[in-house]
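# heads up, no residue letters with this:
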């Protein structure tokens, strides 16, 4: 065996391998230099890599099969999570729909209940306690008539007011702007071919529930149409009453018109066909006021005969009610079964059609005036009621409007507040929404000229009725 072979067997480099050994040393130095360069140029990267390497060395490596199983399970879990989320959303949507249906059903049930109560004349919404006392500065005063306002009506959409006065004129006002929209002037002699106006005091007006018909009075009764337009077109003149027409009312939902007069009669007219229907008699003195709602009947105030009467038109019959001690000059229905009236003895009465006597009677509703021993009550010159609620207003010849709350079952009248106005309160009307009350004010009483309040302004007053905010219920 040669020496070289022995040396290789023992692991020693052969003599001929010295050159290769030197090259190996140089390679190792170059590699070391390269490593140093890499470390110098990218130390942070090496640190991160080394850190990852350490983590990898600490965490046992997973086989490809295990990693595949893990990825497959994650996808299944994601699908399961999304499915649960989708089902939860469906459940929430169904709950919301159920709540909406329940709320809608409650509303429908509530409306049906109100409709039934309204038809039976027992609906009494509680709104009076929410009304705040109007501030005098908030009252808007509209002036345009030369003489005392005698009557007024509000259009069903609450956008306009019609007022009439002793100057024989009728004015249509914009509620929003307070401007005049149209004027029906006093009739002039010899004005042939022109739409006839009124030649005497206008004591009453009525507007149909669709807002298209306006009835005004003296002798004869006149009907106007196209009330929503810029002008009012004269439609027809009804003749038949033999004295001043003192009350007018349309039956709700129809063009059937009722009228009452100082000739002690009640007449029925069909405005759609411009025809007379019938006449009813019963009062023993000049009738002062009339009102009607949806039933085929009307109620009248009998003036000095001291009675309130309910007229059943189809049966041509009447019910007679007693309670006031003076002239009953104003009346209005609250609902189909209850009404309010006022008299010059200072009393305000609440009536139910099933009782011949008042359910509630407020005597001396504004107090007494005059010297001790000679006191006289303040006249009740007008009344108004917010339909199907417990809110009532009364006007006096003492420059005051009072708001009242009707007690449960209309068996009590509770005073809410006074609204001072200068002049005779000859007419009162609530808006359909109940957002405002309109008063017709004059220097004289609408039915006569017993005395005059010189400082009063003949005007239409719009009184805002703001409601107190309801308390917020905070959950615990």
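Happy to help now that I have it. Just so it is clear, the structure is predicted and the values come from calculations on it, not from any experiment.

# Check for me that residue 199 belongs to a strand.
No. According to DSSP: H, G, I helix; E, B strand; the rest coil, residue 199 belongs to no strand; its state is coil.

# Quick check, it in contact with residue 185.
No. If you go by C-beta atoms under 8 Å, residue 199 and residue 185 don't touch, sitting 10.9 Å apart. All C-beta atoms are positioned from the backbone trio N, CA, C, and that covers glycine.

# More neighbours: those two, which one.
residue 185 (15 against 12; other C-beta atoms under 10 Å).

# Surely the more buried one and residue 171 touch.
No. The pair residue 185 / residue 171 is not scored as a contact, 9.8 Å apart, by C-beta under 8 Å.

# And the strands in the stretch 101-250 of the chain, which stretches?
Assigned by DSSP state E, counting those that start in this stretch, the stretch 101-250 of the chain shows strands spanning 140-143, 149-154, 160-165, 170-174, 180-184, 205-207, 214-216, 221-225, 233-238, 245-250.

# Ok, which of these comes nearest residue 453?
Between residue 453 and the strands of the stretch 101-250 of the chain, the tightest spacing by C-beta to C-beta is seen for strand 149-154, at 12.9 Å.

# which secondary structure elements does that closest one contact?
strand 160-165, strand 205-207, strand 424-430, strand 436-442, strand 459-464 (3 or more C-beta pairs under 8 Å, 6 or more residues apart in numbering; DSSP states H and E).

# quick one: buried residues of stretch 453-464?
Using 16 or more other C-beta atoms under 10 Å as the test for burial, stretch 453-464 gives 453, 456-463.

# Which pair of the residues you listed spans the longest distance?
Those two in those that are separated most widely, counting by C-beta to C-beta, are 453 and 462, at 20.5 Å.

# Return the per-residue confidence for the residue positioned nearest the centre of the chain.
In the chain, the centroid-proximal residue (C-alpha atoms, centre = their mean) is residue 433; its distance is 4.4 Å. Looking at residue 433, its pLDDT reads 94.

# And for residue 357, the neighbour number?
11.

# so who does it touch?
Neighbouring residues of residue 357 by C-beta atoms under 8 Å, 6 or more residues apart in numbering: 321-323.

# can you pick the most crowded of those residues?
residue 321 (23 neighbours).

# would it count as being in a strand?
Yes. Per three-state DSSP, residue 321 lies within a strand segment.

# Could you double-check that it sits in contact with residue 306?
No. Here residue 321 does not reach residue 306: they are 9.8 Å apart, not a contact under C-beta under 8 Å.

# Show the backbone phi and psi for the residue nearest to the centre of the chain.
Per-residue torsions, residue 433: phi -80, psi -20 (degrees, to the nearest 10).

# try residue 168
Taking degrees, to the nearest 10 as the convention, residue 168 sits at phi 70, psi 10.

# Which residue comes closest to it once chain neighbours are left out?
Using C-beta to C-beta, 6 or more residues apart in numbering and skipping residues adjacent in sequence, the residue nearest residue 168 is residue 186, 3.9 Å away.

# Pipe the contacts of residue 357 into CSV and attach distance to residue 253 and pLDDT per row.
Shown next, in CSV, are the contacts of residue 357 (distance: C-beta to C-beta, whole Å; pLDDT from 0 to 100):
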residue, distance to residue 253, pLDDT
321, 26, 96
322, 31, 95
323, 30, 92
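
# Next, format the residues you listed as TSV and append distance to residue 380.
Below are the contacts of residue 357 laid out as TSV (distance: C-beta to C-beta, whole Å):
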residue	distance to residue 380
321	16
322	17
323	13
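
# closest to residue 275 among those?
Closest to residue 275, out of all of the contacts of residue 357 and judged by C-beta to C-beta, is residue 321, at 30.8 Å.

# Past the helix or strand harbouring residue 392, which element shows up next along the chain?
Secondary structure assigned from DSSP states H and E places residue 392 in strand 391-396. Downstream of strand 391-396, the first helix or strand assigned by DSSP H and E is strand 400-406.

# hmm, who's touching that next one?
Counting by C-beta under 8 Å, 6+ apart, 124, 128-129, 131, 334, 348, 350, 360, 362, 365-366, 378, 390-396, 412-421, 425, 428, 437, 439, 463 sit against strand 400-406.

# List the buried residues for the next helix or strand after that strand?
Next helix or strand after strand 400-406 toward the C-terminus (DSSP H and E): strand 413-420. By neighbour count, with 16+ other C-beta under 10 Å as the criterion, the buried positions of strand 413-420 are 413, 416, 419.

# Kindly report the same for stretch 428-446.
For stretch 428-446, by 16+ other C-beta under 10 Å, it's 428-431, 434, 436-446.

# again, but for stretch 312-327
Result for stretch 312-327 [16+ other C-beta under 10 Å]: buried residues 313, 318, 321, 323-324, 326-327.

# what's the most distant pair in these?
313 and 326 (28.3 Å).

# which residues of this structure score low on pLDDT?
1-73, 106-122, 189-196, 217-232, 369-374, 470-476 (pLDDT under 70).

# the domain parsing of it - what is it?
73-120, 128-464 (automatic domain parsing).

# which of those domains sits most buried?
domain 128-464 (a mean of 19; mean count of other C-beta atoms under 10 Å).

# So what's the gap between that one and the chain middle?
23 Å (C-alpha atoms, centre = their mean, to the nearest Å).

# with the buried residues of stretch 312-327 in mind, which one is nearest to residue 149?
Distances from residue 149 to those, taken by C-beta to C-beta, are shortest for residue 327, at 20.3 Å.

# correct me, but the closest one touches residue 307?
No. Counting by C-beta under 8 Å, residue 327 stays clear of residue 307, with 11.0 Å between them.

# quick revisit: okay if I get the helices and strands packed on strand 149-154 as JSON lines plus distance to residue 138?
Listed next are the helices and strands packed on strand 149-154 as JSON lines, based on distance: least, C-beta to C-beta, whole Å:
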{"stretch": "strand 160-165", "distance to residue 138": "17"}
{"stretch": "strand 205-207", "distance to residue 138": "26"}
{"stretch": "strand 424-430", "distance to residue 138": "16"}
{"stretch": "strand 436-442", "distance to residue 138": "10"}
{"stretch": "strand 459-464", "distance to residue 138": "5"}
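
# out of those strands, which comes closest to residue 264?
Of all these, strand 205-207 comes closest under C-beta to C-beta, at 19.6 Å.

# Give me the residues contacting the closest one.
With C-beta under 8 Å, 6+ apart, strand 205-207 has contacts from 151-156, 162, 164, 170, 213-217, 227, 248-250, 257.

# now do 7 Å
151-153, 155, 162, 164, 213-216, 248-250, 257 (C-beta atoms under 7 Å, 6 or more residues apart in numbering).

# which two in these are spaced the farthest apart?
152 and 257 (17.7 Å).

# Show me the beta-bridge partners of residue 206.
Here residue 206 sits in beta bridges with residue 215, going by DSSP bridges.

# can I assume residue 153 is in contact with residue 427?
No. Using C-beta atoms under 7 Å, residue 153 is not in contact with residue 427; the gap is 8.9 Å.

# and the end-to-end length of stretch 236-256?
14 Å (C-alpha to C-alpha, to the nearest Å).
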